[in-house]
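# Provided below are the primary sequence and the corresponding predicted coordinates.
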Amino acid sequence: MTTIAAVGDVHLDEDAAGRLRPALGHIGDTADVLLLAGDLTRHGTVGEARVVAKEFGGLDVPVVAVLGNHDYHCDEVAEVTSVLADAGIHVLEGDGMVLDLGECMLGVAGVKGFGGGFEGKCGTAFGEPEMKSFIGHTVAAADRLKSALAALDCDVRVALTHYAPVPETVAGEPPEIFPFLGAYQLGNAIDCCDTALAVHGHAHFGSERGQTPGGVPVRNVAQPVINGAYARYRLPT
Amino acid sequence: MAEQSGTAPHDRAAELHRALAEDPRTSELGVTVTMRGEKVHLSGTVVSAERKAEIDMVVHEAEPGLRVTNDVQIVSAAEPTGAEDIR
C-alpha cells in the first residue's frame, strides 16, 4: 500500500505561521508523500511563500504541490515557486514527477487547472476574446495535465490540481458558481490514463468524495472540507 | 447608509461578499453572506481567530449600521485519525 497525505487551501501568511507544523512533524510515520493542492498562500507574495516553505519544508516525506488562484494574486508566481523549490517542495504546473517510494514508483502529474464548468453547463470558447481566453486557458491546462499523466513511467498514477475536475466534489457550493470552481476537461484528462486517484482543492464548501466519468476516485482536500491538517488515502500498489 | 438600506438585500450581500474577497485584509472567497433586513449572517471557515476578526472589521466598515452575526468557524489543524482505502 502507498499512503497519500493531501491538503489544499491552507492560505498561510505570517499570522498563521506554524499552525500546521505540529501535525506534520512525524508525517512519515503514517504517509509516504504529501500533496499540496494549491492556495498555499493568502495573496501569493514571496513573504507568504516563505511561511509555506517553513511549514512544509524539511519533512520526512516528499512534498509535491500545485499553486492555486490565491498564489497567483500578486503576480509573483516565479518567485513563489522558487522559494518553495528552495525548501525542497516540488511545484508542478503541467508536468509530472516519479517518486521512488521503495515498494512503489509513484507518479504525480499536476496543474493548477481553471474554471469553465461541467458537462452541459459550461462555458465555450466563443464570442468575446475574454471568453475565448478564459476557456482557452482551461483547455490548455487540461491538455498539459493529460500529457503529463501519459508521460509518467510509474506503478501508480495520481493527478493533482487546484480546480475541481468533477461536479460531485464541488457539491455544497452554490450551483451558480460551479463554472468558477472547475472544469470537465480536467476530468477527461484524468480519464485518459490509468489514474488511481485525483486530488484537488478550491471548493471550500464542496464535498470530499467524487469520481470522474471513467470511475477514477476524486478527493476534494480543501482544508475546510477535510477539517484537519491533511487527509490520508491508501492506494493499493 | 440610507442609500444602501434602499438596495435589495441580495445586492447588499453581493457587495459585502465582494468586499471580503477583494479587501487585502481579508481576501476571503469562502465566506457566505446572508442578509435579513438590517442583519447579516456570515458563515464559512478561516484558519485563525485573527482572520475571523478581520472579516468583522471589513463588514463593519462597508455597512456600519448592520447587526453582524459572525458564525465563521476556525478550521481544525489536527492530524487525521485514520486513512481512507481507495479501491
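Perfect, I can see it now. Numbers count the residues shown, from 1 in each chain, chains lettered A, B, ... in the order given.

# helix/strand/coil for the closest residue in space to residue A:168 that isn't next to it in sequence?
Closest residue to residue A:168 apart from its sequence neighbours, by C-beta to C-beta, 6 or more residues apart in numbering or on different chains: residue A:210 at 2.9 Å. (C-beta placed from N, C-alpha, C; glycine too.) Three-state call for residue A:210 (DSSP: H, G, I helix; E, B strand; the rest coil): strand.

# which stretches in chain A count as strands?
All strands of chain A, identified by DSSP state E, fall at A:2-7, A:33-37, A:63-66, A:89-91, A:95-100, A:105-111, A:117-118, A:121-122, A:156-161, A:197-200, A:209-211, A:217-220, A:231-235.

# so which of those strands gets nearest residue A:184?
strand A:117-118 (4.6 Å; C-beta to C-beta).

# average model confidence for the closest one?
The average pLDDT for strand A:117-118 rounds to 97.

# packing partners for it?
Counting contacts by 3 or more C-beta pairs under 8 Å, 6 or more residues apart in numbering or on different chains; DSSP states H and E, strand A:117-118 is packed against helix A:184-191.

# can you name the residues of chain B sitting close to chain A?
B:24, B:27, B:29-30, B:32, B:44-48, B:50-51, B:75-80, B:82-87 (C-beta under 8 Å from any C-beta of the partner chain).

# same thing but at 7 Å, please
Within chain B, the positions lying close to chain A (C-beta under 7 Å from any C-beta of the partner chain) are B:24, B:27, B:30, B:44-45, B:47-48, B:50, B:75-80, B:83-86.

# I'd like to know which of the strands of chain A lies nearest to residue A:173.
strand A:217-220 (10.2 Å).

# buried ones in the closest one?
A:217-220 (16 or more other C-beta atoms under 10 Å in any protein chain shown).

# returning to what we had before: buried members of the residues of chain B next to chain A into PyMOL, please.
In PyMOL, this line selects whichever of these come out buried by 16+ other C-beta under 10 Å:
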select buried, chain B and resi 27+30+44+45+47+48+75+76+77+79+80+83+84+86
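
# sort out for me which of the residues of chain B next to chain A are in strands.
B:44-45, B:84-85.

# among those, which two are most distant?
Going by C-beta to C-beta, the pair spanning these furthest: B:44 and B:85, at 30.5 Å.

# neighbouring contacts of stretch B:26-40?
A:42-43, A:204-205, A:224, B:9, B:12-13, B:16-17, B:20-21, B:41-46, B:54-55, B:58-59, B:65-69, B:72 (C-beta atoms under 7 Å, 6 or more residues apart in numbering or on different chains).

# that should have said stretch A:124-131, apologies.
Residues contacting stretch A:124-131 (C-beta under 7 Å, 6+ apart): A:123, A:132, A:135-136.

# buried residues in the longest helix that chain A contains?
Secondary structure of chain A read by DSSP state H shows that its longest helix is helix A:129-151. By 16+ other C-beta under 10 Å, the buried positions in helix A:129-151 come out as A:134-135, A:137-139, A:141-142, A:144-149.
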